[in-house]
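Novice: give me a 3D structure for the following:
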Amino acid sequence: MLPNELFIHPLRQLALLLQKIQQHDIDLLDAVLTDEQFPLWQQAQTAIGFSLRACCALCEKEVPTFTKPMPVWLDLQQQIQLSLDYLTLLTAKDFDGWQQKPIATTAGFAELELAGEQFVYLYALPNFYFHYSMVYAIARAQQVPLSKADFDGWHQYPAGFSFLR
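Specialist: Here you go, the predicted model:
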């Protein structure tokens, strides 16, 4: 599986998750889990950005910018769609030798140099899923009725199911 393919399904799922969150009664774009963390909109943008940041580094391409400052729901959906459009155009040739390619990046204030495979599996994917999970966690903390199926798109549960009953 090529690195871009690792992000396509979860990005589509993030789009569906954001639609479901938007349908809730209150605007949650600025909601946070704690005052020290990014708001929902920035968690979403950061997750989306990691998909591009990872794939572009491995393809030696400049990372396109699809973000808008202080986005509304539609902006986030457009950012996801533009990112998906970009990622689906990348080919196996673009990723030639990606596993061994040295990738220089930063993690907070740390400077890292990782082989491409380490970069994808130990850095980019965990960071993508961290920020994606924060979107889900913020929404759940705000009482948006979401399930694991909303997060991963695979799980199925009957209506009204709870692990606590």
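
Novice: tell me, what residue is most central in this structure?
Specialist: residue 47 (3.0 Å; CA atoms, centre = their mean).

Novice: can you count the residues close to the closest residue to residue 2 other than its chain neighbours?
Specialist: Spatial nearest neighbour of residue 2, chain neighbours left out: residue 95 (5.2 Å); criterion: CB to CB, 6 or more residues apart in numbering. Every C-beta, even on glycine, is put in place using the N, C-alpha and C of the backbone. Residues within reach of residue 95, counting by other CB atoms under 10 Å, total 18.

Novice: just residue 112 next, same as before
Specialist: Neighbour tally, residue 112, other CB under 10 Å: 13.

Novice: hey, what's it bridged with?
Specialist: Beta-bridge pairing of residue 112 under DSSP bridges involves residue 105.

Novice: can you tell me how far it is from residue 102?
Specialist: According to CB to CB, to the nearest Å, residue 112 and residue 102 sit 10 Å apart.

Novice: quick one: low-confidence ranges for the protein?
Specialist: Low-confidence segments of the chain (pLDDT under 70): 25, 165.

Novice: quick one: the helices in this structure, in order.
Specialist: Applying DSSP state H to the chain gives helices spanning 3-22, 40-59, 73-89, 116-118, 125-141, 148-152.

Novice: contacting residues around the third one?
Specialist: Residues from elsewhere that reach helix 73-89 (CB atoms under 8 Å, 6 or more residues apart in numbering): 4, 7-8, 11-12, 14-15, 18-19, 22, 29, 41, 44-45, 48, 51-52, 55, 64, 66-68, 71.

Novice: put the buried members of these into a ChimeraX selection.
Specialist: In ChimeraX, this line selects whichever of the contacts of helix 73-89 come out buried by 16 or more other CB atoms under 10 Å:
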select :4,7,11,14,15,18,22,29,41,44,45,48,51,52,55,66,67,71
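
Novice: separation between residue 47 and residue 90?
Specialist: Counting by CB to CB, the gap from residue 47 to residue 90 is 18 Å.

Novice: how about residue 75?
Specialist: Computed as CB to CB, the residue 75 to residue 90 distance reads 23 Å.

Novice: how about residue 158?
Specialist: In terms of CB to CB, residue 158 sits 39 Å off from residue 90.

Novice: now swap in residue 155 and tell me
Specialist: Distance from residue 155 to residue 90, by CB to CB: 29 Å.

Novice: thinking again about what came up before, among the helices of the chain, which comes closest to residue 107?
Specialist: Judged by CB to CB, the one of the helices of the chain that comes nearest to residue 107 is helix 125-141, at 8.1 Å.
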